[in-house]
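Visitor: generate a structure from the sequence data that follows.
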Amino acid sequence: MTTREKDACDLLDADHKAVKKLFKEYDTLTGSRAKSANQRKDELATEICQMLTVHAQIEEEIFYPAFRAAVADTDLVEEAEVEHQTAKDLIAQIESRADSGDKFDAKVKVLGEYIDHHVKEERTEMFVKARAARKLDLVAMRGELEARKEELLAELVGDPQLA
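Guide: The predicted structure follows:
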């Protein structure tokens with residue numbers, strides 16, 4: 001049995017799993033009125049928004065253009081880009097912290113549900129077609145995605161050594 005080398009889809013899916021974990025943690029805290037729970041929810045919301053922003057950017061800059069060039073089904077990319085824009089709108093609302101309490105929690109919950117839908121389509125349709133496309137070197141693309149992700153994360157956290 002040969003082990004497949006980790007590729008771009010694996011990296012993107014690892015992001016999906018990491019953010020899903022954050023959404024679950026957020027959800028478990030929504031019933032609590034403790035000050036520490038509210039502080040942790042705020043931290044989680046920030047982390048979720050940052051992760052999704054970086055993830056969407058690397059997909060839009062690297063993965064989607066390569067997919068579009070190699071796979072005949074461009075409807076998948078167009079739909080994914082529309083989903084990204086809707087997620088970005090929700091992220092902006094969450095980051096603005098304009099709503100507090102239940103409305104804020106509802107926005108985070110809806111974003112999580114939206115991302116679940118998006119991830120399912122990527123996993124079951126886009127990644128399958130990407131892996132089947134002979135013109136895509138997904139192993140090499142993984143390195144490109146990782147490097148760009150590190151750059152973007154460094155910019156977000158403002159670490160001059162990483163930027």
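
Visitor: what about the protein, any weak spots by pLDDT?
Guide: Residues of the chain meeting the criterion pLDDT under 70: 1-3, 100-101, 159-163.

Visitor: mind checking the longest helix of it?
Guide: Ranked by residue count, the top helix of the chain under DSSP state H comes out as helix 35-58.

Visitor: which helices and strands sit right next to that helix?
Guide: Helices and strands touching helix 35-58, as assessed by 3 or more Cβ pairs under 8 Å, 6 or more residues apart in numbering; DSSP states H and E, comprise helix 8-29, helix 75-96, helix 102-121, helix 138-157. (Glycine included, C-beta is placed from N, CA and C.)

Visitor: following element in sequence after that helix, please.
Guide: Per DSSP states H and E, the first helix or strand lying C-terminal to helix 35-58 is helix 64-70.

Visitor: list the helices and strands that following helix packs on?
Guide: Helix 64-70 packs on helix 75-96, helix 127-132, going by 3+ Cβ pairs under 8 Å, 6+ apart.

Visitor: wait, which of these is closest to residue 152?
Guide: Closest of those to residue 152 is helix 75-96, at 14.3 Å (criterion: Cβ to Cβ).

Visitor: what comes up buried for the closest one?
Guide: 76, 77, 80, 83, 84, 87, 90, 91, 93, 94 (16 or more other Cβ atoms under 10 Å).

Visitor: now do stretch 123-130
Guide: 126, 127, 130.

Visitor: also stretch 50-70?
Guide: So for stretch 50-70, counting by 16+ other Cβ under 10 Å, buried means 50-59, 62-64, 66-67, 70.
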